[in-house]
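Trainee: Any chance you could fold what I've pasted below:
(2 chains)
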Amino acid sequence: MKLRTLGRHIREGVKNISRNGWMTFASVSAVTITLLILGVFLLLAMNVDYIAKTVERQVEINVSLDLLADEDAIKEVEGKLRSLSNVDKVTFVPKEEGLEKLRESFKEQAYLLDGLEEENPLPDKFVVKAKKPQDTAAIAAQIKTFEHVESVVYGEGHVEKLFVITDIIRNVGLVFIILLSFTAMFLIANTIKLTIVARRREIEIMKLVGATNWFIRWPFFIEGLIMGVSGALIPIILLSVGYYFLLEAARTTPIFADTLLPLFPLVYQVALILVAIGAFIGIWGSLVSVRRFLRV
Amino acid sequence: MIEMFDVWKTYPNGTHALKGINVRIEKSEFVYVVGPSGAGKSTFIKLMYREEKPTKGQIFLGGFNVSRIKESQIPLVRRSIGVVFQDFKLLPTLTVYENVAFAMEVIEAPKKQIKPRVMDVLGLVKLKHKAKMLPNELSGGEQQRVALARALVNNPGIIIADEPTGNLDPDTSWEIMNLFEEINQRGTTVVMATHNREIVNTMRKRVIAIENGQIVRDEQRGEYGYEA
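Mentor: Here you go, the predicted structure:
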């Protein structure tokens, strides 16, 4: 395609948009609403994902050794733990340290533990972290078979439930986003179809005098692209401002502090995704509508 | 220039529009296509500029096998043909000049060539002075002249006209016919479907009569042959 022709197509595409002002407005509004809902869902999904990952990361396996374990045995268990393939980190917590931690958590009542230093009743412990949180249960089962291991605790049951819930949220979010995208695509395709019907004569004449299909398609392609991308603008602004205020509100609420994703680069990512989806919706919608009219 | 070999056209609803057409039209010929409504005239015309595809048979036009051509090649065929219709098919929002220039723009003709060429053909149809007017400010005959100018602007070897005088009064019809005659004199092949008995009988040319999907008569300097 010649550069001069590209200029013509862009001019035509822009002209079409102003010529069909109200229909364009309806199209862009449809994209705007869809992308807004999609964006809210995206922010929600990304944050749930983030929170889930944070929680997942905190899942640890507490391995308590029996009281017969001497230093050699401890070394042996540590070696075995480290040789497990899915294990990320192994930390040894000697019973003295365990007692210290217990003392800290008792705060003012710590005096209750006085005198236990001599006859420390706590076991030596290993804290094990899995590379992938989902492997926690399998690793725990393996560790249980080791010698000198008294008990293995990792929040059995709760962890599995958490993983199931985060998976469900991710999948539902994905399905929702795909469905909404399709809705927007059909809306924009329909609107462009209306604009094409209004210009049927023009297309007919273009075909009769020998314009190529791509020559006819280009202005609609550009029109769709502009509509899709401009439909993304308002959602991006609203979502950025809205998320900024949400973060401000969360900062002053202790339980939410630091649990949400920071503003940057999140808004850039969301903006990029919305522009890309808007552009895709617009182009796809326009090409689908033009296709029918090019068959002669 | 145009050749058809055993061409059949059956529409999806089962109508047999054409049943075994064989015809040969030479370069620079002027041909009337006559026949009752629904006899297959329009289909015959549409096959030439590949608006319709034959169900069976071969069509050759200016070096292309139109019946076998790829979808992407259709624009090339169309560029070698100018088409004129009964209802003019002008774009109402464009001026006379723009309507004609449009045909050159969409085939990506060099910009420098567009203006002189458009003014040239507008001169040929004697509408230079109305170049800036809109189609609805013109009479029917003038509008058809604009359509003819548009059909001619890309220098096609063939002009195909589907009832070009169908919407015009007798005087205006003759104006248009004189233009077609002039174009034909310059070497352009003209194929014209028409119902105009007076014109066919006065301006004597080759007449192809189609009835019931078949060519029933093909005479040089023929007559219209049907009651008005």
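Trainee: Only C-alpha atoms from now on, for both contacts and neighbour counts.
Mentor: Noted.
Trainee: so where does B:Leu148 fall, helix or strand?
Mentor: In this structure, B:Leu148 sits in helix B:140-152 according to DSSP states H and E.
Trainee: Report all helices and strands that that helix contacts.
Mentor: In terms of contacts (3 or more CA pairs under 8 Å, 6 or more residues apart in numbering or on different chains; DSSP states H and E), helix B:140-152 is packed against strand B:81-85, helix B:96-105, helix B:111-124, helix B:170-185.
Trainee: Quick check: which of the ones you listed is nearest to A:Asn171?
Mentor: Across these, A:Asn171 has its closest neighbour in helix B:96-105 (50.5 Å, CA to CA).
Trainee: Skipping its backbone neighbours, what lies nearest B:Arg204 in space?
Mentor: Excluding the flanking residues, the one nearest B:Arg204 by CA to CA, 6 or more residues apart in numbering or on different chains is B:Arg221, at 4.8 Å.
Trainee: Would you agree the one you found is in contact with B:Ile208?
Mentor: No: B:Arg221 lies out of contact with B:Ile208 (CA atoms under 8 Å); the separation is 10.4 Å.
Trainee: These two: who's more crowded?
Mentor: Taking other CA atoms under 10 Å in any protein chain shown, B:Arg221 and B:Ile208 do not tie; B:Ile208 has more neighbours (25 against 16).
Trainee: gap between the more buried one and A:Lys89?
Mentor: For B:Ile208, the distance to A:Lys89 equals 93 Å [CA to CA, to the nearest Å].
Trainee: Chain B contacts on the stretch 151-296 of chain A?
Mentor: For the stretch 151-296 of chain A, the residues in contact with chain B (CA under 8 Å from any CA of the partner chain) are A:201-202, A:205-213, A:215, A:296.
Trainee: Please, a PyMOL command that selects the buried ones among those residues?
Mentor: The buried subset of these, as determined by 16 or more other CA atoms under 10 Å in any protein chain shown, is captured in PyMOL by this line:
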select buried, chain A and resi 202+205+206+207+208+209+210+211+212+213+215
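Trainee: Tell me the one of the residues of the stretch 151-296 of chain A next to chain B nearest chain B?
Mentor: Checking those against chain B with CA to the nearest CA, the nearest one is A:Gly210 at 4.1 Å.
Trainee: hang on, the closest one in a strand?
Mentor: No: counting by DSSP: H, G, I helix; E, B strand; the rest coil, one finds A:Gly210 to be coil, located in no strand.
Trainee: which residue sits closest to it, ignoring its sequence neighbours?
Mentor: Spatial nearest neighbour of A:Gly210, chain neighbours left out: B:Pro75 (4.1 Å); criterion: CA to CA, 6+ apart.
Trainee: The residue of the stretch 1-150 of chain A found nearest chain B: neighbour count?
Mentor: Nearest to chain B, among the residues of the stretch 1-150 of chain A, is A:Thr5, at 7.2 Å (CA to the nearest CA). If you count neighbours by other CA under 10 Å, A:Thr5 ends up with 15.
Trainee: do A:Lys101 as well
Mentor: Going by other CA under 10 Å, the residues that sit close to A:Lys101 add up to 11.
Trainee: Tell me the secondary structure at it.
Mentor: Assignment for A:Lys101 (three-state DSSP): helix.
Trainee: tell me the contacts of it?
Mentor: When contacts are counted by CA atoms under 8 Å, 6 or more residues apart in numbering or on different chains, A:Lys101 touches no other residue.
Trainee: Go again with 10 Å.
Mentor: A:Lys95 (CA atoms under 10 Å, 6 or more residues apart in numbering or on different chains).
Trainee: how much space between it and A:Val93?
Mentor: 10 Å.
Trainee: repeat for A:Phe220
Mentor: 68 Å.
Trainee: With neighbour numbers in mind, choose between these two.
Mentor: Between A:Phe220 and A:Val93, counted using other CA under 10 Å, A:Phe220 has the larger neighbour count: 29 against 17.
Trainee: my guess is that one meets A:Leu194, correct?
Mentor: No: the pair formed by A:Phe220 and A:Leu194 falls short of the contact definition of CA atoms under 10 Å, at 11.8 Å.
Trainee: Now for the two: what residues contact both?
Mentor: Common neighbours of A:Phe220 and A:Leu194 (CA under 10 Å, 6+ apart) are A:Ser289.
Trainee: Do I have it right that A:Ala30 meets A:Gly231?
Mentor: Yes: counting by CA under 10 Å, A:Gly231 is a contact partner of A:Ala30 at 7.8 Å.
Trainee: With neighbour numbers in mind, choose between the two.
Mentor: Set A:Ala30 next to A:Gly231 and count neighbours by other CA under 10 Å: A:Gly231 wins out with 28 against 21.
Trainee: For the more buried one, list the residues it contacts.
Mentor: Per CA under 10 Å, 6+ apart, neighbours of A:Gly231: A:25, A:27-36, A:225, A:274-275, A:278-279, A:281-282.
Trainee: Tell me the predicted confidence for A:Met185.
Mentor: pLDDT for A:Met185: 77.
Trainee: one step back: for the residue nearest to A:Gly210, which residues are in contact?
Mentor: Neighbouring residues of B:Pro75 by CA under 10 Å, 6+ apart: A:Met206, A:Lys207, A:Leu208, A:Val209, A:Gly210, A:Ala211, A:Thr212, A:Asn213, B:Tyr49, B:Arg50, B:Ile107.
Trainee: which one of those residues sits closest to B:Ala149?
Mentor: Closest approach to B:Ala149 among the contacts of B:Pro75 (CA to CA): A:Val209, at 12.1 Å.
Trainee: Nearest residue to the middle of chain B?
Mentor: The centroid of chain B falls nearest to B:Ile160 when counting by CA atoms, centre = their mean (1.7 Å).
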